[in-house]
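Asks: sequence and predicted structure below; questions after.
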Amino acid sequence: MVLAAGLGTRMRPLTDDRPKALVEVGGRALIDHVLDRLADAGVERAVVNVHWFADRLERHLAARGRGPKIVISDERAELLETGGGLKKAHPLLGDDPVFVANIDSVWIDRGDGPGQSLAELVRLWDPDTMDAALLLARREGSIGFEGDGDFFLRDDGGLTFRGSAAEAPFAYMGVHITRPGYADGGPDGPFSLSPLWRKSAAQGRLYGCVLDGDWMHVGDPQARDQAEAKLGGAT
């Protein structure tokens, strides 16, 4: 599932006439960067939620020249946030484990090349012991991330939230694996996945692995310009 329904307020004025998903970095829309990475990892079908400038986003997705096949989860009537969006999309996603991806995350894989990081996340995932497996990035060297970090990572891959610590070494970089029904117990209407993650972490069921590559969090126009420069240097 690709979470593309947000208003993109921090990205204004670039989102005054388009959804955040269609802001371009390196000559390609943000959502195309994500969908291409998912395709590299073997994903054949993606559910995309839409809200802000939904018609324009749907036209763009229909004109894509490569997979995955796109199915729309329509949130025109109400923006549902991450948890509510996953809950609404469950009937479209089926019951097998899914990637859930934000559209403001662009990354360059090292190691075995495109798809390597998502393949590593798949190798980590164990539905018997995990509710979610998150892809993380090191704070140092990341572009566009200015927070104090989100998680501590145990040797076995288990995650602990930063809590009252001044900082933590790892940030969630926008992609995770979970069960499509993970958010089904949430309230009606909009809600975030974060409280569910905190509950899972307290139960020892939240895990993660670290990106071997360069992460760009494209959350505002300045970060977009920095990502553009990074991608230009990478090519």
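Replies: Cool, the structure landed. Numbers count the residues shown, from 1 in each chain.

Asks: tell me the buried residues in the helix or strand where residue 47 lies?
Replies: Element membership of residue 47 [criterion: DSSP states H and E] is strand 45-50. Using 16 or more other C-beta atoms under 10 Å as the burial criterion, the residues of strand 45-50 that qualify are 46, 47, 48, 49, 50. C-beta coordinates here come from the backbone N, C-alpha and C atoms, glycine included.

Asks: show me the strands in this structure, by range?
Replies: 2-3, 24-25, 28-29, 45-50, 69-74, 98-102, 105-109, 132-138, 151-153, 159-161, 170-178, 206-210, 213-217 (DSSP state E).

Asks: and the third one, what other elements does it pack with?
Replies: By that I understand strand 28-29. The helices and strands touching strand 28-29, judged by 3 or more C-beta pairs under 8 Å, 6 or more residues apart in numbering; DSSP states H and E, number zero.

Asks: contacts made by that strand with the rest, please.
Replies: With contacts defined as C-beta atoms under 8 Å, 6 or more residues apart in numbering, strand 28-29 is touched by 21, 22, 23, 36, 60.

Asks: ok, now how distant is the first one from residue 58?
Replies: When distance is defined by C-beta to C-beta, to the nearest Å, residue 21 is 11 Å away from residue 58.

Asks: let me see the mean pLDDT of stretch 24-37.
Replies: Stretch 24-37 shows an average pLDDT of 93 in the prediction.

Asks: next, the buried residues of the lowest-mean-pLDDT helix or strand in the chain.
Replies: Every helix and strand of the chain was ranked by mean pLDDT, DSSP states H and E. The lowest is helix 221-234, at a mean of 84. Going by neighbour count (16+ other C-beta under 10 Å), the buried part of helix 221-234 is 223, 224, 226, 227, 228, 230, 231.

Asks: ok, so of these, who is nearest residue 212?
Replies: Ranked by distance to residue 212 (C-beta to C-beta), the buried residues of helix 221-234 are led by residue 230 at 16.3 Å.

Asks: touching, that closest one and residue 217? I think so.
Replies: No. With contact defined as C-beta atoms under 8 Å, residue 230 does not reach residue 217; the gap is 11.5 Å.

Asks: what sits closest to residue 226 if chain neighbours are left out?
Replies: Nearest residue to residue 226, sequence neighbours excluded (C-beta to C-beta, 6 or more residues apart in numbering): residue 143, at 4.9 Å.
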